[in-house]
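A.B. asks: This is a predicted model, with the sequence first.
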Amino acid sequence: MKKRNQVVSRSGRFENGPGEDVAAFTESVSFDWRLWRQDITGSMAHAAMLNKIGILTSAELQAIHSGLEKIGSEISNGQFEWKRELEDVHMNIEATLTQRVPAGAKLHTARSRNDQVALDLRMWVRDEIVHLIGEMKDLQRSLVELGQNHSEIIIPGYTHLQRAQPVFLAHHLLAYVEMLDRDLSRFQDAFIRTNVCPLGSGAIAGSTLTLDRQFVAEQLGFVDDQGRAQLTQNSMDAVSDRDFVIEFCAAAALLAVHLSRLSEDIILWASSEFQFIKIDDAYTTGSSLMPQKKNPDVAELTRGKSGRVIGNLMALLTLLKGLPMTYNRDLQEDKERLFDTADTVRACVRLMAAMLRHTRPVEKNCQHASSDPALLATDLADYLVQRGLPFRNAHHAVGAVVALAEKQNKTLKQLTVSEYQSVEKLFGNDVLDLFDLKKAMAQRNITGAPGPREVKKQLARWSKRLKS
Ligand code: ARG
């Protein structure tokens, strides 16, 4: 057999490199190159620690640091040559460093790719959470702005997709701000468990060398809010744990579900049947066949992409479920699912915020729909309750009023006072005043309700919280 490229990890025991098809099957550098920043930062901290415990001289440390810096700038300039035969990002960087800097051969002391990849991945997820949270706050801001810019607009709220009760558009939008806030806190919580340093776990069983794990953790920002170093406490768990990837993908899946629901509302509202909103042309597309069409593709794709984000979570759970301790190569499959999830939700969040900033309500259609008197049937029942009727009876009486109106082909507002009284004597002469929508809205002012005072308060609370 032809002698193939020898690579760092195969030295010694292996006479030949893997076959072409095996190399193509097992390589990960085509996707894990994205970990290069974290890999270099992690290696620098590891080298600094090796110097601190006397394994690297200061000159060697210097050489390693500047070698890694150079590799970093070559990668970011697109000049670095990734080699598939070097398998992954870790070996590509280390092999190049060792070629240029002899002390590079000492860098892997007391380190395995198993704890190295766990480290890189934790740092990557940490960075991603910070960026994603920034984008999610911007999406919340765009929802609040849309509500504030049209704070007078009332629309029907729906249950079962049937008109239920009137709400301010802002109230509906703020519902999503609340959902996103729960998503945000899930990511913040996931960050805490991600932010634990696994380096020093070696391949499975730590090291006989007295590494300073605390030093590495501090160098890499693996500290709690009191500045205390956070270290994994079991080397076997540390090299095989991908819970933080799953937690990230689970929080992302729920975020994607929320974005999908928002998309669905937007698609409905933009439809010819509703026409509550107009989306700017830039965020819609035409049809290749039907000239009149303006399709809400950004919203539809956001709804659709939730499928792959949910799928990625399932793939990861399935990947982990059968693995014995500790590291198994199966774990390499975590990265594409993670990257795809992160890229997808980031793009959806960003595009959704931009689209909302290019969307405006069509006031006359919202007004027309929300002036449907049937939306205030519950107010009629509350009116009777205030006059002493038990709610169940009040509900029944209003049901009879609705039936009467239907029979006479009238709206609730068009019935006369005496027709109301023919159903229930407790209806007074003022009953028709209930259909003043403005007044009706002003009655809804308990915490969480869609009354004007409460909605203004919520808008103000959110815009203050989302400043900066
Ligand atoms: N590319 C590998 C991964 O992503 C790195 C760890 C490989 N470790 C090993 N012992 N083969 O999981």
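C.D. replies: Okay, I see it. Residues are numbered from 1 along each chain as shown.

A.B. asks: which stretches of the stretch 1-150 of the chain have low pLDDT?
C.D. replies: 1-11 (pLDDT under 70).

A.B. asks: What residues does it have near the ligand?
C.D. replies: Residues of the stretch 1-150 of the chain lying close to the ligand (Cβ under 6 Å from any ligand atom) are Ser28, Asp32, Asp88, Arg113, Asn114, Val117. Yep, even glycine has a C-beta here, placed from its N, CA and C like the rest.

A.B. asks: For the first one, which non-adjacent residue is closest in space?
C.D. replies: Take Ser28 and drop its neighbours on the chain: the residue closest to it by Cβ to Cβ, 6 or more residues apart in numbering is Asp88, 4.6 Å away.

A.B. asks: what's the neighbour count on the one you found?
C.D. replies: 27 (other Cβ atoms under 10 Å).

A.B. asks: any idea how far it is from Phe31?
C.D. replies: 9 Å (Cβ to Cβ, to the nearest Å).

A.B. asks: Now do the strands in the stretch 51-200 of the chain.
C.D. replies: 154-159, 162-168 (DSSP state E, counting those that start in this stretch).

A.B. asks: Give the rounded mean pLDDT of the first one.
C.D. replies: The one in question is strand 154-159. Average pLDDT, strand 154-159: 98.

A.B. asks: ok, it: who's next to it in the sheet?
C.D. replies: Paired neighbours of strand 154-159 in the sheet (DSSP bridges): strand 162-168 (antiparallel).

A.B. asks: Which positions in the partner strand come out as buried?
C.D. replies: For strand 162-168, a neighbour-count test (16 or more other Cβ atoms under 10 Å) marks Arg163, Gln165, Pro166, Val167, Phe168 as buried.

A.B. asks: what's the model's confidence in that strand, averaged?
C.D. replies: Mean predicted confidence for strand 162-168 is 97.

A.B. asks: and it, how far out from the chain's middle?
C.D. replies: Centroid displacement of strand 162-168 relative to its chain, using Cα atoms, centre = their mean, to the nearest Å, is 29 Å.

A.B. asks: Tell me the buried residues in the host helix or strand of Ala394?
C.D. replies: Per DSSP states H and E, Ala394 falls inside helix 391-407. By 16+ other Cβ under 10 Å, the buried positions in helix 391-407 come out as Ala394, His395, His396, Ala397, Val398, Val401, Val402, Leu404, Ala405.

A.B. asks: How about stretch 186-193?
C.D. replies: Arg186, Phe187, Ala190, Phe191.

A.B. asks: nearest residue to the residue in the stretch 201-350 of the chain that the ligand sits nearest to other than its sequence neighbours?
C.D. replies: When distances are taken as Cβ to the nearest ligand atom, the stretch 201-350 of the chain reaches nearest to the ligand at Gln332, 3.7 Å away. Leaving aside its chain neighbours, Gln332 sits nearest to Ser28 (5.2 Å; criterion: Cβ to Cβ, 6+ apart).

A.B. asks: for the buried residues of strand 162-168, which one is nearest the ligand?
C.D. replies: Within the buried residues of strand 162-168, proximity to the ligand (Cβ to the nearest ligand atom) peaks at Val167, which comes in at 49.0 Å.

A.B. asks: who are the neighbours in contact with the closest one?
C.D. replies: With contacts defined as Cβ atoms under 8 Å, 6 or more residues apart in numbering, the neighbours of Val167 are Ile154, Ile155, Pro156, Gly157, Pro450.

A.B. asks: show me what contacts the second one?
C.D. replies: It stands for Ile155. Counting by Cβ under 8 Å, 6+ apart, Ile155 has contacts Pro166, Val167, Phe168, Leu169, His172, Phe276, Cys366, Ala369, Ser370.

A.B. asks: just these now: which is nearest Arg100?
C.D. replies: His172 (59.6 Å; Cβ to Cβ).

A.B. asks: Following the host helix or strand of Val257 in sequence, what is the next regular element?
C.D. replies: If you go by DSSP H and E, Val257 is part of helix 243-270. Downstream of helix 243-270, the next assigned helix or strand under DSSP H and E is strand 277-279.

A.B. asks: Point out the other helices and strands that the helix or strand following that next one packs with.
C.D. replies: As assigned by DSSP H and E, the chain's next helix or strand after strand 277-279 is helix 297-321. Here helix 297-321 touches helix 243-270, helix 334-356, going by 3 or more Cβ pairs under 8 Å, 6 or more residues apart in numbering; DSSP states H and E.

A.B. asks: Just checking helix 297-321 against the ligand, any contact.
C.D. replies: No. Using Cβ under 6 Å from any ligand atom, helix 297-321 never reaches the ligand; the gap is at least 11.4 Å.

A.B. asks: ok, and what's touching that helix?
C.D. replies: Contacts of helix 297-321 (Cβ under 8 Å, 6+ apart): 242, 245-246, 249-250, 252-253, 256-257, 259-260, 262-264, 266-267, 270, 279, 283-285, 330-331, 333-334, 337-338, 340-341, 344-345, 347-348, 351-352, 355.

A.B. asks: Would you mark the buried spots in stretch 48-67?
C.D. replies: Under 16+ other Cβ under 10 Å, the buried positions of stretch 48-67 are Ala48, Met49, Leu50, Asn51, Ile55, Leu56, Glu60, Leu61, Ala63, Ile64, His65, Gly67.

A.B. asks: Just the endpoints, please. Distance across that stretch?
C.D. replies: 14 Å (Cα to Cα, to the nearest Å).

A.B. asks: Next: stretch 411-424.
C.D. replies: 18 Å.

A.B. asks: Then stretch 364-381?
C.D. replies: 28 Å.

A.B. asks: rounded to a whole number, what's the mean pLDDT of it?
C.D. replies: Average pLDDT, stretch 364-381: 97.

A.B. asks: what do you get for stretch 301-308?
C.D. replies: In this model, stretch 301-308 has a mean pLDDT of 98.

A.B. asks: Buried residues, that stretch. List them.
C.D. replies: Thr302, Arg303, Lys305, Ser306, Arg308.

A.B. asks: got it, and stretch 259-273?
C.D. replies: Leu259, Ser260, Leu262, Ser263, Asp265, Ile266, Ile267, Leu268, Trp269, Ala270.

A.B. asks: ok, the nearest residue to Ala253 once chain neighbours are set aside - how many residues close by?
C.D. replies: Closest residue to Ala253 apart from its sequence neighbours, by Cβ to Cβ, 6+ apart: Leu313 at 4.6 Å. Applying other Cβ under 10 Å, we find 22 other residues in the vicinity of Leu313.
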